[in-house]
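Colleague: Would you be able to build a 3D model of this:
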Amino acid sequence: MKLQIETIGTGKPLVLLHAFPLNQSMFSKVQIPGYKMILPNFPGFGSQENLEIYSFEKASDDLFETLNEFYIPSERMALGGISMGGYWAFEFLRKYPEKVSKLILISTRAGIDSPEGKMNRFDMIRKVEKEGIRYLPESLIPGLLGPPTLKFKPQIVGSVRKLIMMASSQGIVVTAQKCMAERRDQSGFLSQIQVPAW
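Modeller: Numbers count the residues shown, from 1 in each chain. Next up is the predicted model:
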């Protein structure tokens, strides 16, 4: 699958992988001098549909092929991921270490979900399959934004709500939750990382 990608700026390539349940637009106001920011959508987020069972391994293959064909065929890149994007970044680095020069991990972890955490993901899947995603903003925004932002910055709250509502149920939220619930435990991989990491 060719991934939907946007770019911002010029310079050395920096690929940023977005958080759940948002999309590439979460980085739209970020500019880093000297870097060309390459912003993929996880399949099914934003305007890219995906109606099949997916995995971070398959997402990494699709990202590798898309970058090589259209964006950075011969360059190494800095790779960053936030939350779900971090899970994706771990799997990409495991499969394609020769493509990555630096690793940036934000609000993510190498381990898998606790049994309770996995159960919560499948609870969300069942609820979304039954009700759709209209309830998600009110359910998820308090965990995505801090109390001062929630209280004093309604424009940011509104922007995050819009990003969440760009998701579809079957193609996006359900697929992503299954990916996260069934993701690989990367804890043992940490000692094998050979690039600078933050």
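
Colleague: buried set for stretch 137-156?
Modeller: Across stretch 137-156, burial judged by 16 or more other C-beta atoms under 10 Å covers 137, 140-141, 144. C-betas here are computed from N, CA, C, even on glycine.

Colleague: ends of it, how far apart?
Modeller: End-to-end distance of stretch 137-156 (C-alpha to C-alpha, to the nearest Å): 13 Å.

Colleague: As CSV, the buried residues of stretch 137-156 with distance to residue 111, secondary structure and pLDDT would be great.
Modeller: Formatted as CSV, these follow (distance: C-beta to C-beta, whole Å; DSSP: H, G, I helix; E, B strand; the rest coil; pLDDT from 0 to 100):
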residue, distance to residue 111, secondary structure, pLDDT
137, 28, helix, 94
140, 21, helix, 94
141, 25, helix, 95
144, 21, helix, 93
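
Colleague: Of those residues, which is the nearest to residue 77?
Modeller: Nearest to residue 77 among these: residue 144, at 26.5 Å, using C-beta to C-beta.

Colleague: correct me, but that closest one touches residue 160?
Modeller: Yes - Residue 144 is within contact range of residue 160, at 6.1 Å (criterion: C-beta atoms under 8 Å).

Colleague: Would you format the buried residues of stretch 137-156 as CSV with distance to residue 112 included?
Modeller: As requested, those are exported to CSV (distance: C-beta to C-beta, whole Å):
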residue, distance to residue 112
137, 27
140, 21
141, 25
144, 21
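
Colleague: ok, which pair from those residues is furthest apart?
Modeller: Every pair of the buried residues of stretch 137-156 checked by C-beta to C-beta; the farthest is 137 and 144, at 9.5 Å.

Colleague: overlap in contacts of those two?
Modeller: Residues touching both residue 137 and residue 144 (C-beta atoms under 8 Å, 6 or more residues apart in numbering): residue 160.

Colleague: The chain: strands as residue ranges?
Modeller: For the chain, the strands defined by DSSP state E occupy 5-8, 12-17, 35-40, 77-82, 100-106.

Colleague: Just put these in JSON lines and tack on mean pLDDT and distance to residue 123.
Modeller: Below are the strands of the chain laid out as JSON lines (pLDDT from 0 to 100; distance: least, C-beta to C-beta, whole Å):
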{"stretch": "strand 5-8", "mean pLDDT": "93", "distance to residue 123": "32"}
{"stretch": "strand 12-17", "mean pLDDT": "96", "distance to residue 123": "25"}
{"stretch": "strand 35-40", "mean pLDDT": "95", "distance to residue 123": "28"}
{"stretch": "strand 77-82", "mean pLDDT": "97", "distance to residue 123": "23"}
{"stretch": "strand 100-106", "mean pLDDT": "97", "distance to residue 123": "26"}
